[in-house]
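Peer 1: Structure for the following, please:
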Amino acid sequence: MERFLNRHKDDIVGTLSGFDRVLFRGSLRSLSYPKGVEIFLSTHHVLHKDFAAFAKGLSDQLTARAEKLAAKAGRPLIYLASAQESKEDRARELMEKDQITDGLICVLSCVEPCRTWEVCGNRETKQLDLRSRERKCLFLYFYFADREFGLMHVRLQTWIPFTMQVCVNGREYLARQMTRAGIGYEQHENCFPRIDDPGRAQKLMNRLETYPWAKFLNRFVSLVNPLMAGRSCHNQLKLKSYYWSIRQGEYATDVIFRDQACLSRLYPALLKHAIENFSSEDVLRFLGRRTNRRFNERAESSLKKRIEGARVKHYVEENSIKMYDKAGVVLRVETTINNPRRFRVYRTAMRKGEKVKAWLPMRKGIVDARRRVEVSRAANHRYLDALSVVGCEKPSYRVLDQVSQSVKVEGRHYRALRPISPEDALVCQAMMRGEHLVQGFRNQDLRKQLEPEKEAAPQTRKQAAGRITRLLRLWSAHGLIYRVAKTNYYRMTRKGQEVFATVLRFRQPDFAILAA
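Peer 2: Reported below is the predicted structural model:
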C-alpha cells in the first residue's frame with residue numbers, strides 16, 4: 001500500500017483500515033446433528049411423535065420474551081408480511097423518528113427459510129426418524145441502538161436449533177469512539193470523508209482486533225433467549241452455550257483524498273486497469289491463494305455501474321475483494337471472507353496424541369478473528385500496491401526518454417533500453433506479473449517465464465540464467481529495479497513503475513486505446 005500512497009501523496013490526506021460489516025453466527029452444537037437432538041429429546045423424555053408440540057412450546061417462550069421486551073421498553077413489535085422488505089430501513093426510520101439513542105428500537109418478525117429438524121416416517125424401519133430439512137419458520141429481529149456499535153441487530157430463529165445472528169458495523173463503532181475521544185470527523189453512511197486525526201482514529205479502530213467478542217455476544221443471548229437465560233432454565237434444557245463464528249466478515253481499507261476532483265480524476269483509470277489488466281492469477285495472489293494446479297476452482301472479475309458509482313469485484317470461490325468509491329473522496333478496497341478455511345493459521349493441534357503447532361485451515365470461530373484481520377489487511381494492501389502503477393501524469397515521451405540513452409555505472413557502460421520493442425516489452429510484462437508486485441521476482445522466476453523451453457537441460461538452463469542475470473543488471477543500471485538486501489529478489493522502483501505502466505499502455509492491442 002505504501003507504493004500507492006507515495007505515488008499519490010499530494011492528493012491523499014489519510015487512510016483507515018478496519019472491520020466494516022461483520023455478521024456473527026451463534027449455533028448450539030448439541031442441536032446441530034441428529035444424535036445430539038436425539039439425546040436432547042431423550043433427556044427431556046420427549047417421544048418423536050410429540051416433537052412438534054414440544055418444539056412449539058419452546059418457540060412460544062421465545063415469542064413471549066420478545067413481546068415482553070418490546071412492552072417493557074415501550075417499543076413496537078411489528079410483523080412483516082414479506083421477508084424481502086428492508087428491515088434495517090424500517091428500524092432506521094423508527095430510530096430517527098423517535099430519536100432513540102440507546103436501547104431497543106423495535107422488534108420485527110417475519111417468516112423466512114431456515115434449516116431445522118422434522119420428524120418423518122421411515123418406511124423401511126416402520127419408525128419415526130429425525131431429519132434435517134429446509135423449511136420456513138418465524139424469525140425475530142431485535143434492533144438496538146448500542147452504546148458502542150450504534151444501529152445493530154440480533155436475529156433469532158424460533159424453531160430448533162434456535163440459531164442466532166448478530167450483525168455489527170465497525171465504522172459505527174469508530175464514530176462513537178472518535179466522539180468520546182474528541183476527534184473531529186464527518187460521516188457519510190459507513191465511511192468518513194474527513195477525519196481530523198487519522199492516526200488516532202486508526203488506533204481506536206485497531207481495538208476491534210482484540211475485542212472481547214464472546215462476552216459482547218453472550219450478553220444478547222441472555223437478553224433475547226429465555227431458554228438460555230438463568231441457571232434454572234439452563235439446567236432444565238441442558239443446553240450448552242452458543243458457539244460463535246464469523247459467518248461473513250468485511251475488512252475495508254479507505255484511502256481519503258483531499259477533494260472530489262483528485263479522486264474523480266484518478267478513479268476511472270484505476271477501474272480500467274483493474275478490469276483489463278488483473279488476471280485470474282493476480283486475483284489469486286491478492287487473496288493469498290496458490291496459482292499452481294492444486295487450484296481447480298473458479299476466479300473471476302466483474303465491473304458494475306450503480307447509482308452511487310462504479311465498482312469492480314474479484315471473486316475467488318466464496319471469498320472476494322472489491323474496489324469502489326464513496327462520498328466522492330473515499331477510495332475503498334474491501335476484502336470479504338465467507339469461507340475462512342481457504343486460508344491458513346499457525347495454531348496448536350493434536351497429532352498422534354501430541355500437541356504440535358502447524359499451519360492449519362483457519363477456523364470460522366471468533367478465536368481466529370485476529371488472523372482473519374491479518375489476511376484481509378494483507379489482501380487490501382497487495383491490491384493497492386498493484387494499482388500503484390496507475391496515475392502517471394507525465395507525457396509518455398518524458399517517461400521513456402529517461403531510459404532511451406546509454407548509462408555508465410561504476411565504470412561500465414550499459415545500452416539504452418527500448419521498452420516498447422517486442423523484446424524489452426516482454427521483459428516488462430514478466431516483471432509486472434501480479435505475483436511479483438509484493439515479494440518481488442528472482443532470476444529463476446523470469447527464466448521460467450521468458451525461456452521455459454530451456455529448463456529441461458542443465459546446460460541450457462545455465463545459459464538462460466546468465467542471460468537473465470545480464471538483463472537484471474541492465475534494468476538495475478537504469479534505476480527501474482533494485483535488489484532487496486540479503487536476498488535474491490528484485491523489486492520495481494517508482495521510476496520503474498512509471499516506465500512499466502507507460503509500456504503497458506503502448507502495448508495494448510487496440511490502437512483506439514492510445515487515442516482515448
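
Peer 1: Show me the helices in the stretch 251-400 of the chain, by range?
Peer 2: According to DSSP state H, counting those that start in this stretch, the stretch 251-400 of the chain carries its helices in the segments 260-277, 280-286, 369-386, 396-401.

Peer 1: of those helices, which approaches residue 455 most closely?
Peer 2: Residue 455 lies closest to helix 280-286 among the helices of the stretch 251-400 of the chain, at 19.1 Å (Cβ to Cβ). Just so you know, the C-beta spots here come from the backbone N, C-alpha and C atoms, and that holds for glycine as well.

Peer 1: any chance of the helices of the stretch 251-400 of the chain in JSON lines, plus mean pLDDT?
Peer 2: JSON lines is the format used below for those (pLDDT from 0 to 100):
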{"stretch": "helix 260-277", "mean pLDDT": "86"}
{"stretch": "helix 280-286", "mean pLDDT": "73"}
{"stretch": "helix 369-386", "mean pLDDT": "90"}
{"stretch": "helix 396-401", "mean pLDDT": "70"}
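
Peer 1: Spell out the residue ranges of the strands in the stretch 101-250 of the chain.
Peer 2: Along the stretch 101-250 of the chain, counting by DSSP state E, counting those that start in this stretch, strands occupy 103-122, 127-146, 150-157, 164-169, 185-188, 191-195, 243-257.

Peer 1: Figure out which of those strands is closest to residue 90.
Peer 2: Once those are compared by Cβ to Cβ, strand 103-122 is nearest, at 6.6 Å.

Peer 1: picking that back up, any chance of the strands of the stretch 101-250 of the chain in TSV, with distance to residue 401 too?
Peer 2: Shown next, in TSV, are the strands of the stretch 101-250 of the chain (distance: least, Cβ to Cβ, whole Å):
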stretch	distance to residue 401
strand 103-122	63
strand 127-146	59
strand 150-157	54
strand 164-169	50
strand 185-188	43
strand 191-195	39
strand 243-257	30
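
Peer 1: can you tell me which of the helices of the stretch 251-400 of the chain comes nearest to residue 56?
Peer 2: That would be, of the helices of the stretch 251-400 of the chain and by Cβ to Cβ, helix 369-386, which comes in at 36.5 Å.

Peer 1: Report all helices and strands that the closest one contacts.
Peer 2: Packing contacts for helix 369-386, counted by 3 or more Cβ pairs under 8 Å, 6 or more residues apart in numbering; DSSP states H and E, involve helix 2-7, strand 12-27, strand 243-257, helix 280-286, strand 319-326, strand 330-337.

Peer 1: between the ones you listed, which gets the lowest average pLDDT?
Peer 2: Per-stretch mean pLDDT for the helices and strands packed on helix 369-386 is lowest at helix 280-286 (a mean of 73).

Peer 1: List the buried residues of the lengthiest helix in the chain.
Peer 2: Ordering each helix of the chain by length in residues (DSSP state H) puts helix 51-73 first. For helix 51-73, burial by neighbour count (16 or more other Cβ atoms under 10 Å) applies to 51, 54-55, 59, 62-63, 65-66, 69-70.

Peer 1: roughly how far is it from the heart of the chain?
Peer 2: 36 Å (Cα atoms, centre = their mean, to the nearest Å).

Peer 1: about what we covered before: can you tell me which of the helices of the stretch 251-400 of the chain is nearest to residue 46?
Peer 2: helix 369-386 (37.1 Å).

Peer 1: Now tell me what touches the closest one from outside.
Peer 2: 1-5, 17, 19, 209-210, 213, 246, 249, 251-253, 255, 278, 282, 285-288, 321, 323, 333-335, 337, 340, 343, 345, 362, 434, 437-438 (Cβ atoms under 8 Å, 6 or more residues apart in numbering).

Peer 1: Just want the angle from it to strand 12-27.
Peer 2: 140 degrees (axes from the mean of the first three to the mean of the last three Cα atoms, to 10 degrees).

Peer 1: Against residue 114, how distant is the residue lying closest to residue 48 once chain neighbours are set aside?
Peer 2: Using Cβ to Cβ, 6 or more residues apart in numbering and skipping the chain neighbours, the partner closest in space to residue 48 is residue 128 (3.9 Å). The gap separating residue 128 from residue 114 is 21 Å, by Cβ to Cβ, to the nearest Å.

Peer 1: how close does residue 382 sit to residue 287?
Peer 2: According to Cβ to Cβ, residue 382 stands 9 Å off from residue 287.

Peer 1: Ignore what I typed, I meant residue 316.
Peer 2: Distance, residue 316 to residue 287, using Cβ to Cβ: 5 Å.

Peer 1: buried sites along whichever strand or helix holds residue 89?
Peer 2: Using DSSP states H and E, residue 89 sits within helix 87-97. For helix 87-97, a neighbour-count test (16+ other Cβ under 10 Å) marks 87, 90-91, 94-95 as buried.
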